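# model this:
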Amino acid sequence: MPLAAVSWLALASGSAAGLGGPTGGTSVFAPLSTHAEEIHRYSLFVLGITGAIFLVVFTLLAVAVVRFRRRPGDDDAEPPQIYGSLQVEVAWTVIPVLIVIVLGLTTARTIFQIQNRPKPPGALEVTVIGRQWWWELRYPSLGIVTANELHLPVSDSAHPAPTFLTLLSADVAHSFWVPRLAGKTDLIPNKVNTTWMDPRQPGVYFGQCAEFCGTQHAKMLLRVVVDTPEDFERWVASQRAEPDAASGGASEGRRVFENTACLNCHTVRGTVGDGRYGPDLTHLMSRGTIGSGAVANSAENLKAWVRDPAHFKPGVLMPAMQLDEARLGALVDYLQTLR
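Numbering: from 1, shown residues only. Purely as a prediction, here's the structure:
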């Protein structure tokens, strides 16, 4: 239910601790795209109606408590009873029905405006695949495959550049939600869903899987990096480039990568590793986090992650690699060259 009040209240004032930037956060009350603004406007409308209902009910309750409270000197006789009032019964039937109709029509209008956004020619398309517990991101027209960091070009009224997302699940039900840029849309196995975003301010924004999908659901975070057109072109060029040839200690690390179970799950272009079960590591060090937001991407954390990923993300599907310190150090040296 992408427009439910319960959903937006869950992240109304939240933030992604430790991963923030000046434009980050997850507040639905600070929308920065047309999609999010429609939901924000709808949310305020619903909040206004429900707030008015609360005030009326609370006021009537307070009046009843004050006016009809028991006072000193009152006898124990039962007060006069009123049996039925046509006017009151009509009011409490007609008014709620009208409120439901208004809310229903407003909901339908908002859903229609969001789901029927026409796709302009040449719009950027991204395929988002939810997995336990990380995000695979594919740019079919650009030949880019990455993970956990979605890069988009900024969109403005003079040069609109909406991005259209195809949402898939590789295992169980997930849900894509970037509160400041788009409403919640579910990823269902064997079903294709879609959504779109037109972010209007460069920065880093945070999303979260919003459907319980297993033990590490809470650590299935997503960073959305909104770039200027020039920065986005540079990012595309860097992602399409082949990784630098390993040399020195990194060459030994590449041999470790190619002779262990790493290559069964991960891809690194230019090597024999072509696994699809785990994230593509070709440009691993261009990402800000490891394990879909579980920990910052640094040499120290990367080494600790390879040694025992369950220390950061209990239940993670990646096994501990059981490498000795020399081979582990060589592997991490190699992984650090993947930029």
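# the stretch 101-250 of the chain: helices as residue ranges?
Secondary structure of the stretch 101-250 of the chain (DSSP state H, counting those that start in this stretch): helices located at 229-240, 249-258.
# next one: stretch 172-189 to chain centre, how far?
6 Å (Cα atoms, centre = their mean, to the nearest Å).
# that one: end-to-end distance?
With Cα to Cα, to the nearest Å applied, stretch 172-189 spans 6 Å between its terminal residues.
# ok so, going back, go through the helices of the stretch 101-250 of the chain and name the closest to residue 50.
Closest approach to residue 50 among the helices of the stretch 101-250 of the chain is made by helix 229-240 (40.4 Å; Cβ to Cβ). (Glycine included, C-beta is placed from N, CA and C.)
# CA atoms only for the closest one - export them in CSV, please.
These are the backbone C-alpha positions of helix 229-240, laid out as CSV (Å, rounded to 0.1, in the frame of the first residue of the first chain):
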residue,chain,number,x,y,z
PRO,A,229,24.4,15.5,-15.9
GLU,A,230,28.2,16.0,-16.1
ASP,A,231,28.8,13.9,-12.9
PHE,A,232,26.4,11.2,-14.2
GLU,A,233,28.3,11.0,-17.5
ARG,A,234,31.6,10.6,-15.6
TRP,A,235,30.1,7.9,-13.4
VAL,A,236,28.8,6.0,-16.5
ALA,A,237,32.2,6.2,-18.1
SER,A,238,33.9,4.9,-15.0
GLN,A,239,31.5,2.0,-14.6
ARG,A,240,31.9,1.0,-18.2
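# my guess is residue 30 contacts residue 180, does it?
Yes. Taking contact to mean Cβ atoms under 8 Å, the distance of 5.9 Å between residue 30 and residue 180 places them in contact.
# check contacts around the nearest residue to residue 219 once chain neighbours are set aside.
The shortest distance from residue 219 to any residue that is not its chain neighbour, by Cβ to Cβ, 6 or more residues apart in numbering, is 5.1 Å, and that residue is residue 294. With contact set as Cβ atoms under 8 Å, 6 or more residues apart in numbering, residue 294 has these partners: 219, 305, 312, 313.
# coming back round to it: most tightly surrounded among the helices of the stretch 101-250 of the chain?
Comparing those by mean neighbour count (mean count of other Cβ atoms under 10 Å), helix 249-258 comes out on top with a mean of 18.
# mind putting the helices of the stretch 101-250 of the chain in CSV, mean pLDDT and distance to residue 83 included?
Putting those into CSV (pLDDT from 0 to 100; distance: least, Cβ to Cβ, whole Å) gives the following:
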stretch, mean pLDDT, distance to residue 83
helix 229-240, 94, 71
helix 249-258, 84, 83
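# dump those helices to CSV, plus distance to residue 325.
Listed next are the helices of the stretch 101-250 of the chain as CSV, based on distance: least, Cβ to Cβ, whole Å:
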stretch, distance to residue 325
helix 229-240, 32
helix 249-258, 12
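# same for the longest helix anywhere in the chain, what does it pack against?
Residue-count comparison of every helix in the chain, with assignments taken from DSSP state H, identifies helix 34-67 as the longest. Helix 34-67 sits against helix 5-10, helix 86-115, strand 182-187, strand 193-197, with contacts defined as 3 or more Cβ pairs under 8 Å, 6 or more residues apart in numbering; DSSP states H and E.
# of the ones you listed, which is nearest residue 234?
Of all the helices and strands packed on helix 34-67, it is strand 193-197 that lies closest to residue 234, at 20.5 Å by Cβ to Cβ.
# for that closest one, buried residues please.
Of the residues in strand 193-197, 193, 195, 196, 197 count as buried by neighbour count, 16 or more other Cβ atoms under 10 Å.
# okay, now the sheet partners of it, with direction.
The strands that strand 193-197 pairs with in its sheet are strand 163-169 (antiparallel) (by DSSP bridges).
# shaky segments in the stretch 51-200 of the chain?
With pLDDT under 70 as the threshold, the stretch 51-200 of the chain has no low-confidence stretch at all.
# what's the per-residue pLDDT of the residue positioned nearest the centre of the chain here?
With distances taken as Cα atoms, centre = their mean, the chain has residue 207 as the residue nearest its mean C-alpha position (2.6 Å). In the predicted model, residue 207 carries a pLDDT score of 94.
# run through the bridge partners of it.
With DSSP bridges as the criterion, the beta-bridge partners of residue 207 are residue 222.
# contacts only, for it.
Taking Cβ under 8 Å, 6+ apart as the criterion, residue 207 is in contact with 26, 150, 176, 177, 178, 179, 181, 221, 222, 223, 224.
# which of the contacts of residue 294 sit farthest apart?
Comparing all pairs in those by Cβ to Cβ, the longest separation belongs to 219 and 305, at 12.6 Å.
# need the residues touching each of the two.
Among the neighbours of residue 219, those also in contact with residue 305 (Cβ under 8 Å, 6+ apart) are 291, 294.
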